[in-house]
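1. Got a sequence here, can you build the structure:
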Amino acid sequence: MSETKNDSEHLSQDTLWKKVMSVLKKVGKPVAYNVLLLYYAYPEAPAKAKATILGALGYLVSPIDGIPDWVPGGLIDDAAVIAAAVAAIAFCITPEVKIKANAKMEEWFGKESDVA
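-> Below you'll find the predicted structure:
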């Protein structure tokens, strides 16, 4: 069976969301919101910002970590990397990006998910 570009994009997004959600349930809504800001800022971001976004999201889902995730408090480094990336690419976070991030937060966590 041949795989189309859309199929591979869908599969990779599904994989990303599953990994991200497993981590986000542990680190909380503010980190989830920041991850979504990075994700939705990516398409229009300049190359340097895209590299920052990919690095931060890659660090979040990577099993290789500064502090192993299974250690109590082990997700603090992940949250810090995500926060630093959001600060670094803040110029790419448009009102449209925030709207998309808030909509996904509501989909994931319900109406009480407002963080921004």
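2. Tell me the spacing between the closest residue to residue 82 other than its chain neighbours and residue 40.
-> Sequence neighbours aside, residue 34 is the residue nearest to residue 82 in space, at 4.8 Å (criterion: CB to CB, 6 or more residues apart in numbering). Glycine gets a C-beta too; all of them are placed from N, C-alpha and C. Applying CB to CB, to the nearest Å, the value for residue 34 to residue 40 is 11 Å.
3. so where's the chain uncertain?
-> 1-12, 15-16, 69, 112-116 (pLDDT under 70).
4. In three-state terms, label the residue most central in space within it for me.
-> Centroid check for the chain by CA atoms, centre = their mean gives residue 35 as the closest residue, at 2.6 Å. Classification of residue 35 by DSSP: H, G, I helix; E, B strand; the rest coil places it in helix.
5. Quick one: residues contacting it.
-> For residue 35, the contact set (CB atoms under 8 Å, 6 or more residues apart in numbering) comprises 20, 24, 57, 60, 82.
6. Now intersect those residues with the helices, please.
-> Among the contacts of residue 35, the ones falling in helices (DSSP state H) are 20, 24, 57, 60, 82.
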